[in-house]
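[1] Provide a 3D model corresponding to the input given below.
(chains A, B, C and D)
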2 protein chains.
Amino acid sequence: MSSNDLDTKRERIVEAAGELFAERGFEATTVRDICQAADANVAAVNYYFGDKQRLYVEAVVRAHRWRMERVKLPEWSVDTTAEQKLADFIKTFIRRVRSGPGDTWHTRLIMREIGNPSAACAELVQSSIRPQFEILLSILGELLPDETDAQKLRLTAFSIVGQCLFYHFADPVIRNLLNDEEYAALEIEKLADHITQFSMQSFKHRIRSDRAGAKR
Amino acid sequence: MSSNDLDTKRERIVEAAGELFAERGFEATTVRDICQAADANVAAVNYYFGDKQRLYVEAVVRAHRWRMERVKLPEWSVDTTAEQKLADFIKTFIRRVRSGPGDTWHTRLIMREIGNPSAACAELVQSSIRPQFEILLSILGELLPDETDAQKLRLTAFSIVGQCLFYHFADPVIRNLLNDEEYAALEIEKLADHITQFSMQSFKHRIRSDRAGAKR
DNA sequence: AATTGATTAAAACAACTGTTTAAAACTAGT
DNA sequence: ACTAGTTTTAAACAGTTGTTTTAATCAATT
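    Predicted coordinates:
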């Protein structure tokens, strides 16, 4: 009974492992902790996955797939404005990055892998991050003047992505910096609106592109 | 001889430890590795610092002090424009955050502590990050219209800091994403100029503050 | 009921972890 | 030269790590 269901022992182990890896990192998570959380014997990890390392990459890959399936970019028709596309991109990106209160471990594990990249990171970039980055570049290509060079386009993309990622990577600091009320006010919708607005306003000034170079 | 010099065994251990902690993190760094790198006996860590944990926080504190001494905000006169202050702030912030090629371990260790915060993080926020954040808020207070509320001010500060921090936290991804030539083009001066320009342009549009909320 | 194969369980493995011990080596001050 | 204090060393400690081994248990087929 139930060979595909998520209640097989193998599944339970990846799930428990993913959660613990996301919480404590690879080194600090012991095989024994994982097996105890999955209600399995110590030998189960090696039986099913060979070793701890391969269990880890399986958890990362699964987390990534799960996250991509869940939160997707909306479908765009031919007459969707570039501004609208950017707003959608930013909102989706923040949703993917910022782990809400009732959230699963998937996002945190991927973000940890990006922060402390192992071998699985390079593959993650190729299969997922790069195409997303290309989408953003094409949107910016529509928004910025045609003569904008590739370097400027890239820097602008980084400025947008950086604003979004900040709320993940700096989260512990933000929590220390703000009081509870201020922190709670950082809802995903509000963040996305602000970043979209902040960035769009910047584009509308792209006439005189250099700014007197700040004294020096 | 030489009680204050940096060639005492104690100094060599903190130095070696900081480098290894910055490179591999706390868990993955062994006391034996540290002592071997410092050319000391295994017992040296416990003799001088009590235990591994206390050696770690000493390394973090020292790294932070070192970084703060090295790269400082310039002195501002009464007639320095807010725009100039912002440019200075961004350039200094990036210098503090982005570890150049011939760089020491100090920056990386602090960034790691922020990413995987231990007990030392809260103190770091209070003693250093918060005052820096206040400075940025006061600059933005000059640049933005008077009626701007505190929340908007905070979000704007996050947008700027986020753009800067991106080049640290996403560095491994960026390296994978760009080719060598493109990556090498990301010099600190250029990044700072772009971020300053991108942000300043955004401020000059602060007349109509809401932007039709992006359909939904 | 017996056989086959996959799964689980308990125990042991060797290697490594941070830390301690106790003796040696060194460095002054007298 | 002796001594008191600090520093360094080698060895051992107790605990944990990932992994293996070997046997027991289970589920289904014959």
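
[2] Pull the residues that contact stretch A:196-207.
    A:83, A:86-87, A:90-91, A:143-145, A:148, A:156, A:159-160, A:163, B:155-156, B:159, B:198-199, B:201-206, B:210-211, B:214 (C-beta atoms under 8 Å, 6 or more residues apart in numbering or on different chains). Where C-beta positions appear, they are placed from N, C-alpha and C, glycine not excepted.

[3] any idea how far that stretch is from the chain center?
    On the basis of C-alpha atoms, centre = their mean, to the nearest Å, stretch A:196-207 is displaced by 24 Å from the centre of the chain it belongs to.

[4] how about the CA coordinates for stretch A:139-148, as CSV?
    Output for stretch A:139-148, consisting of C-alpha atoms alone and laid out as CSV, is shown next (Å, rounded to 0.1, in the frame of the first residue of the first chain):
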residue,chain,number,x,y,z
ILE,A,139,11.8,43.5,-18.4
LEU,A,140,14.4,46.2,-17.7
GLY,A,141,15.3,46.2,-21.3
GLU,A,142,11.7,47.4,-22.0
LEU,A,143,11.8,50.0,-19.2
LEU,A,144,15.2,51.5,-19.8
PRO,A,145,16.2,53.6,-22.9
ASP,A,146,17.5,51.5,-25.8
GLU,A,147,21.0,52.9,-25.5
THR,A,148,21.5,51.5,-22.0
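
[5] Look up phi and psi at A:N116.
    Backbone torsions of A:N116, given as degrees, to the nearest 10, read phi -120, psi 80.

[6] give the contact list for it.
    Contact analysis of A:N116 by C-beta under 8 Å, 6+ apart lists A:25, B:25, B:115.

[7] Let me know the pLDDT of the second one.
    Same thing as B:G25. At B:G25, the predicted lDDT confidence score is 93.

[8] just the last one next, same as before
    Reading off the confidence values, B:G115 has pLDDT 81.

[9] Give me the spatial nearest neighbour of it, chain neighbours excluded.
    Here the nearest residue to B:G115 in space, its sequence neighbours aside, is A:G115; by C-beta to C-beta, 6 or more residues apart in numbering or on different chains that works out to 5.1 Å.

[10] Against A:P172, how distant is the one you found?
    Plainly put, A:G115 is 12 Å away from A:P172 if you go by C-beta to C-beta, to the nearest Å.

[11] Tell me which of the two has more neighbours.
    Each of A:G115 and A:P172 had its neighbours counted (other C-beta atoms under 10 Å in any protein chain shown), and the higher figure belongs to A:G115 (20 against 16).

[12] centre of the chain versus the helix or strand bottoming out on mean pLDDT in chain A, how much separation?
    For chain A, using mean pLDDT, DSSP states H and E, the weakest element among its helices and strands is helix A:119-124, scoring a mean of 82. Between the mean C-alpha location of helix A:119-124 and the chain-wide mean there is a distance of 14 Å, by C-alpha atoms, centre = their mean.

[13] For that helix, report the contacting residues that lie outside it.
    In contact with helix A:119-124 (C-beta under 8 Å, 6+ apart) are residues A:56-57, A:60-61, A:64, A:110, A:113-114, B:172-173, B:176.

[14] Please see if it touches DNA strand D.
    No. Judged by C-beta under 7 Å from any atom of the strand, helix A:119-124 stays clear of DNA strand D, getting no closer than 14.5 Å.

[15] which parts of that helix are buried?
    Buried residues in helix A:119-124, counting neighbours by 16 or more other C-beta atoms under 10 Å in any protein chain shown, are found at A:120-121, A:124.

[16] follow-up on the earlier one: near DNA strand D, from the contacts of A:N116?
    Among the contacts of A:N116, no residue lies close to DNA strand D (C-beta under 7 Å from any atom of the strand).

[17] Need those residues in CSV (columns: secondary structure).
    Listed next are these as CSV, based on DSSP: H, G, I helix; E, B strand; the rest coil:
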residue, secondary structure
A:G25, coil
B:G25, coil
B:G115, helix
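
[18] Between those, which sits nearest DNA strand D?
    Within the set of the contacts of A:N116, A:G25 lies nearest DNA strand D; the separation is 11.0 Å, counting by C-beta to the nearest atom of the strand.

[19] Find me whatever residue is spatially closest to the residue nearest the centre of chain A, sequence neighbours aside.
    Among the residues of chain A, the smallest C-alpha distance to the mean C-alpha position (C-alpha atoms, centre = their mean) belongs to A:V97, namely 3.7 Å. The spatially closest residue to A:V97, leaving aside those adjacent along the chain, is A:H168, at 4.8 Å (C-beta to C-beta, 6+ apart).

[20] Helix B:150-169 and the strand or helix carrying the one you found, what's the angle between them?
    With secondary structure defined by DSSP states H and E, A:H168 is part of helix A:150-169. Angle, helix A:150-169 to helix B:150-169, by axes from the mean of the first three to the mean of the last three C-alpha atoms, to 10 degrees: 110 degrees.

[21] what comes up buried for whichever helix or strand comes after helix A:150-169?
    Going down the chain from helix A:150-169, the next helix or strand is helix A:171-177, by DSSP H and E. Applying a neighbour-count criterion of 16+ other C-beta under 10 Å, the buried positions in helix A:171-177 are A:171-174, A:176-177.

[22] likewise stretch A:128-144?
    Taking 16+ other C-beta under 10 Å as the criterion, stretch A:128-144 shows A:128-129, A:132-133, A:136, A:139-140, A:143-144 as buried.

[23] Against A:K9, how distant is the nearest residue to A:V31 once chain neighbours are set aside?
    Counting by C-beta to C-beta, 6+ apart, A:V31 lies nearest to A:V45, which is 5.0 Å off, once chain neighbours are set aside. Counting by C-beta to C-beta, the gap between A:V45 and A:K9 amounts to 11 Å.

[24] One more: A:V57?
    Per C-beta to C-beta, A:V57 is found 19 Å from A:K9.

[25] With that, I have no additional questions.
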